[in-house]
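**Student:** coordinates for the following, if possible.
(one chain, ligands or ions: 1)
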Amino acid sequence: MPDTVHVASGKVREIYALDDERLLLVASDRISTFDVVLPTEIPDKGRVLTGLSAFWFARTKHIVPNHLLGLRDDARSTECRRLAMLPVECVVRGYITGSGWKDYLASGEVCGHRLPEGLRESERLPEPIFTPSTKAQTGHDENITREQAAELVGADRLVEVERVALELYRFAAAYAEARGIILADTKFELGLDEDSCLVLADEVFTPDSSRFWPADAFAPGGPQASFDKQYVRDYCESVGWDKTYPGPELPDDVVAETRAKYVEAFQRLTGVSFDDFLADPEVVLQ
Ligand code: Q0Z
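**Tutor:** Sure thing, here's the model as predicted:
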């Protein structure tokens with residue numbers, strides 16, 4: 001791409017600048033587990049995530065405007081508006097898991113939300129909660145209270161961010177639940193446009209930015225199977241990998257089963273056949 005300047009790398013994605021106002025987000029087929037990017041790719045994973053994100057952007061415009069300008073024919077590249085990103089990660093949790101579960105066990109609270117006593121790991125919360133975190137350059141994001149988040153973005157902006165984040169989560173979680181997928185929690189990135197209006201950015205309700213659990217296997221009282229990565233995790237555990245770099249190569253059957261889970265999530269949620277999406281990526285916007 002001669003006219004594009006690489007501006008940032010994520011673990012599994014890249015960003016390029018198209019001009020002063022526009023960015024290109026490219027989702028690779030790389031997969032990470034236990035925070036390590038594995039040497040084996042999952043074919044089409046980046047296309048599944050690009051299509052899902054675009055689908056949700058198209059369906060949540062009534063809640064908040066978003067950065068999406070268009071999808072490229074490769075089905076893995078998104079043209080988007082360049083924003084001034086807010087310096088907080090906007091997390092919403094409908095279920096108590098991950099760092100939320102750790103914080104709850106230690107203090108009975110998550111990001112200043114006092115939760116009922118006696119919750120079991122992975123249990124559904126009485127109401128979804130907004131649990132912001134700071135963007136760590138390396139390592140894990142750190143959970144912060146709403147007061148700390150207000151210092152970073154301003155009190156009035158935080159009220160708007162929390163309202164939008166909770167409304168987005170409620171909308172998508174209800175939609176997914178009706179299709180057999182629990183959206184346990186999710187992380188958004190929001191930015192401001194040239195008029196200081198709040199805009200949803202990055203990726204939304206993908207299996208990389210959210211925890212997807214198969215609803216038919218939901219059993220609180222312990223960790224849940226992952227809709228997309230469970231075969232990868234099980235294989236990595238079976239070979240006794242110590243979860244440090246480099247991770248193991250994945251065998252062909254694990255790759256094929258994992259690819260099938262990503263495509264299944266795409267088709268269940270969007271109602272669009274994955275082949276139709278590859279033939280014309282913008283079908284997910286209709
Ligand atoms: C998103 C990230 C990725 C590495 C910056 N519309 C936007 N305007 C300004 N900045 C961003 C966006 Cl999406 C932006 N990230 C996260 C994405 C690779 C980091 F693909 N960083």
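**Student:** which parts of this structure sit against the ligand?
**Tutor:** 8-10, 13-15, 23, 25, 67, 80-83, 85, 189, 191, 201-202 (CB under 6 Å from any ligand atom). Where you see a C-beta, it was placed from the backbone N, CA and C, and this is true even at glycine.
**Student:** wouldn't residue 191 be in contact with residue 67 here?
**Tutor:** Yes. Judged on CB atoms under 8 Å, residue 191 makes contact with residue 67 at a distance of 7.1 Å.
**Student:** which one of the two has more residues nearby?
**Tutor:** Between residue 191 and residue 67, residue 67 has the larger neighbour count (other CB atoms under 10 Å), namely 23 against 19.
**Student:** can you give me every residue that contacts the more buried one?
**Tutor:** With CB atoms under 8 Å, 6 or more residues apart in numbering as the criterion, the residues that contact residue 67 are 57, 80, 81, 83, 191, 199, 200, 201, 202.
**Student:** which of those lies closest to residue 92?
**Tutor:** residue 200 (12.7 Å; CB to CB).
**Student:** which element is that closest one on?
**Tutor:** Applying DSSP states H and E as the criterion places residue 200 in strand 198-201.
**Student:** repeat that for residue 58.
**Tutor:** helix 45-59.
**Student:** show me what the helix or strand just after that helix is packed against.
**Tutor:** Toward the C-terminus, helix 45-59 is succeeded by strand 68-71 as the next helix or strand (DSSP H and E). On a contact count with 3 or more CB pairs under 8 Å, 6 or more residues apart in numbering; DSSP states H and E, strand 68-71 meets helix 45-59, strand 77-81.
**Student:** can I get the CA coordinates of the first one in CSV?
**Tutor:** Extracted as CSV, the C-alpha positions of helix 45-59 are listed here (Å, rounded to 0.1, in the frame of the first residue of the first chain):
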residue,chain,number,x,y,z
LYS,A,45,-10.2,-14.8,11.9
GLY,A,46,-9.4,-11.2,10.9
ARG,A,47,-12.3,-11.2,8.4
VAL,A,48,-14.7,-12.6,11.0
LEU,A,49,-13.8,-9.9,13.5
THR,A,50,-13.9,-7.1,10.8
GLY,A,51,-17.4,-8.2,9.7
LEU,A,52,-18.8,-8.6,13.2
SER,A,53,-17.5,-5.2,14.2
ALA,A,54,-19.0,-3.5,11.1
PHE,A,55,-22.3,-5.3,11.7
TRP,A,56,-22.5,-3.9,15.2
PHE,A,57,-21.5,-0.4,14.1
ALA,A,58,-24.3,-0.4,11.6
ARG,A,59,-26.8,-1.6,14.3
